[in-house]
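A.B. asks: any chance you can model this:
(2 chains)
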Amino acid sequence: GAGVSQTPSNKVTEKGKYVELRCDPISGHTALYWYRQSLGQGPEFLIYFQGTGAADDSGLPNDRFFAVRPEGSVSTLKIQRTERGDSAVYLCASSLGDRGPYEQYFGPGTRLTVT
Amino acid sequence: SQQGEEDPQALSIQEGENATMNCSYKTSINNLQWYRQNSGRGLVHLILIRSNEREKHSGRLRVTLDTSKKSSSLLITASRAADTASYFCATDAVTGGGNKLTFGTGTQLKVEL
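C.D. replies: Below is the predicted model:
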């Protein structure tokens, strides 16, 4: 079946602009996770949803970052007033639940470049 | 922040040889997972080992876990060129919950023909 999809695959934006990154999880997966990966590093947790609610947003770096999952499926990560330091690959993952252990299935990521 | 370190940072071997990567972490965990990432691609789950397990096998992969030392190792036997990738360990901490993963810094494996 279809895996996790993310759009766009690449996004170049100017400093100060607003961006939205979309994640479409595997159908039936109730848990959805966002991670950020900088060059040469492992992914770092940002936020996760169980259903429609953000269960843990402790990884969001500041209030310029926000994510929603209004219908418990697709999620959007929103970044306001982008800064060059936001440049990274943003990864989305989904799993059957959050009371596992459950394997997390990752999407291909969105490469964000802030110029 | 990263949970811990992987060792070595980079490893180059010949096809057919075995590759061993080590991972250390900092906090008590529920389970530890290993992921592979090919250049420019997403992460692929390889294997999961629970905190009450000491060793697990899957095909050419063998994972060990020593919770007293807060360390794990991944052994890939009879390596192939297609195994060339970055390998990450990821832990699911006891506190915090929700299966959110904390990744290590990764080992870059290159398997040469």
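A.B. asks: contacts and neighbour counts: CA atoms only from here.
C.D. replies: Will do.
A.B. asks: report how many residues lie close to the residue in chain B that chain A sits nearest to.
C.D. replies: Ranked by CA to the nearest CA, the top residue of chain B for proximity to chain A is B:G42, at 4.2 Å. By the criterion of other CA atoms under 10 Å in any protein chain shown, B:G42 has 21 neighbours.
A.B. asks: excluding residues flanking it in the chain, which one is nearest it?
C.D. replies: In space, B:G42 comes closest to A:P108 once its chain neighbours are excluded; the distance is 4.2 Å by CA to CA, 6 or more residues apart in numbering or on different chains.
A.B. asks: ok, the lowest-mean-pLDDT helix or strand in chain B: who's next to it in the sheet?
C.D. replies: Ranked by mean pLDDT, DSSP states H and E, the helix or strand of chain B with the weakest confidence is strand B:5-7, at a mean of 84. For strand B:5-7, sheet partners with direction are given as strand B:19-24 (antiparallel), following DSSP bridges.
A.B. asks: from the chain's centroid, how far away is the partner strand?
C.D. replies: Between the mean C-alpha point of strand B:19-24 and the mean C-alpha point of its chain there is a distance of 6 Å (CA atoms, centre = their mean, to the nearest Å).
A.B. asks: equivalent analysis for stretch A:47-59, please.
C.D. replies: What separates the centre of stretch A:47-59 from the centre of its chain is 11 Å, taken as CA atoms, centre = their mean.
A.B. asks: show me what contacts the spatially most central residue of chain A?
C.D. replies: To find the centre residue of chain A, average its C-alpha atoms and take the closest one (CA atoms, centre = their mean): that gives A:W34, at 3.2 Å. A:W34 is in contact with A:F45, A:L46, A:I47, A:Y48, A:Y90, A:L91, A:C92, A:A93, counting by CA atoms under 8 Å, 6 or more residues apart in numbering or on different chains.
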